[in-house]
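Colleague: With the input below, show me the fold.
(one chain, ligands or ions: 1)
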Amino acid sequence: VNPIAKELNATIARGNAHILEMLSGIGRELFFPKGILSQGAEAKQKAHRLNATIGIATEGAQIMCLPSVTGQMGAIPPVEALTYAPSFGVAALRQAWREEMVAKNPSLADRQVSLPVVTCGITHGVSVFAELWCDPGDGVVLPDMFWGNYNMIFNVRRGLHLWHYPLFGGSGRFNVEAFERRLREAAEGSGKVVALLNFPHNPTGYTVSEDEADAIVAVLGALAGEGIRVLAVTDDSYFGLFFEPQTLKESLFARLCGVDPRLLAVKLDGATKENFVWGLRVGFITYGCHVAGEAQPFYEALEKKSAGCIRGNISNASHLSQYLVMQAMQDPNYAREKQEKFEILRRRAARVREVLADEKYRDAWDVYPFNSGYFMCIRLKTVPAEGLRLHLLDRYGVGLIATGERDLRVAYSCLDESDIPELFDTVLQGVRDLEAAES
Ligand SMILES: Cc1ncc(COP(=O)(O)O)c(C=O)c1O
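Modeller: Sure, this is the predicted structure:
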């Protein structure tokens, strides 16, 4: 193990020895190299005559650039558009994102969390988490309906075992009993478990209510209290798009931080969906847990491990993207603009609910609970989802996602409100076509 990694491990152990035990084999070995970066920092301070340390090109005092590139950037200064970002992410953006996180999650006000480390979108955040904290054979507990890429990252790439539970119980609410059962099964033997919590949820568009959130936190806290090492990961990709009064309005992360010394809360979020900048690839990974003594060196050690993981993978996320997200967050119109888009999506969700209340759909499908995010799902009663999906595409030019044998996902995030009745009528017509073809 590299001496810098050893130092980081000792710092982590001083703050919370359980967290050190939770790191993966790679996680224990990871560190943030001092080499070029620290020599470059020294040169920045002292090399007043000639500084030949940086891995970019310059001309005079300017960054070297091609007008054919910078000509497309409008008012964005070339240095903001073209330079490297730190592996940790742009410092001012990390600060701003944490401040916004605390404002959006009032429960965080009296809890200490790390500074967010910038990832290349939330997918990369999931991947960094998996590399740093999970070893092959570890168990990840997630619902039966889930974002397919978790399988790619956790199972295919990292060799983890996925333990599924039915998301909804009989009453159409979060199935906390099944969740707990699966957690216990997954932790058996290893004494460690990863709980992946994704609200607003892809694909159903469901977010738990306050009391369901309390039950989830209680279950995870109880497991940790019994001696199980619990990694509670919240994928908050669709954070903020909560459309109903009874829906939890903050991240479970905020409630999980510091619940028990054996529980590490990890927040994965980003500008992707929240700020409608899917292709910019700006995500974040943030940690919260019980820390004995001073929290800052402990969290800095986790941030350095994460940045080391990023350094050895993509090196750093786009500076231009981080600049754009940061500038937007400082714009006086930012909050109002976000609220306007929220209202558009909220109205679409309400319209979907209104349209689906019509009796005529009753014998064709059931509607899964939804109250947030970009999506909703229906469960077909008489025809297979994949067959219907293909039929709707071929016959009517309508595209939906088949997420299971009987489940179809509708992304109303990309439908105009006025198109919603036509969409469901077309799906119903498709069902009738297939039923007629079978009889
Ligand atoms: C639940 C969930 N997590 C993560 C992502 C990926 O986000 P990003 O585009 O920032 O990688 C998505 C995107 O579809 C998602 O639905």
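
Colleague: Tell me which residues of the biggest helix by length in the chain come out buried.
Modeller: Looking across the chain with DSSP state H, the single longest helix is helix 334-356. Along helix 334-356, these residues count as buried under the neighbour rule (16 or more other CB atoms under 10 Å): 338, 345, 348-349, 351-353, 356. In this view, the C-beta of every residue, glycine as well, is placed from N, C-alpha and C.

Colleague: Repeat that for stretch 286-300.
Modeller: For stretch 286-300, burial by neighbour count (16+ other CB under 10 Å) applies to 286-291, 295, 298-300.

Colleague: who in the stretch 51-200 of the chain is up against the ligand?
Modeller: For the stretch 51-200 of the chain, the contact set with the ligand under CB under 6 Å from any ligand atom comprises 121-123, 147, 198.

Colleague: of all the residues in the stretch 251-400 of the chain, which ones are close to the ligand?
Modeller: So the stretch 251-400 of the chain meets the ligand at 270, 272, 278, 283 (CB under 6 Å from any ligand atom).

Colleague: Which element, helix or strand, includes the second one?
Modeller: Looking back up the chat, that one is Thr272. Per DSSP states H and E, Thr272 falls inside helix 271-274.

Colleague: so where do the strands sit in the stretch 151-300 of the chain?
Modeller: 161-165, 192-197, 229-235, 263-270, 283-288 (DSSP state E, counting those that start in this stretch).

Colleague: Report the two of the buried residues of stretch 286-300 separated the most.
Modeller: Farthest pair in the buried residues of stretch 286-300 (CB to CB) is His290 and Glu300. Separation: 16.7 Å.

Colleague: Go ahead and confirm Ala307 touches Ala91.
Modeller: No. Contact criterion CB atoms under 8 Å: Ala307 and Ala91 do not qualify, at 11.9 Å.

Colleague: Local confidence estimate at Ser372?
Modeller: Note on Ser372: pLDDT of 98.

Colleague: That one contacts Thr204, correct?
Modeller: No. Here Ser372 lies out of contact with Thr204, judged by CB under 8 Å, at a distance of 9.5 Å.

Colleague: Show me which of Ala307 and Ala91 is the more surrounded one.
Modeller: Neighbour comparison, Ala307 and Ala91: the larger count goes to Ala307, with 24 against 12 (by other CB atoms under 10 Å).

Colleague: mind listing what the more buried one touches?
Modeller: By CB atoms under 8 Å, 6 or more residues apart in numbering, the residues touching Ala307 are 32, 86-88, 117.

Colleague: Most neighbours out of those, which is it?
Modeller: Counting neighbours by other CB under 10 Å, Val117 leads the contacts of Ala307 with 26 neighbours.

Colleague: what's the closest non-adjacent residue to that residue?
Modeller: Spatial nearest neighbour of Val117, chain neighbours left out: Ser306 (4.4 Å); criterion: CB to CB, 6 or more residues apart in numbering.
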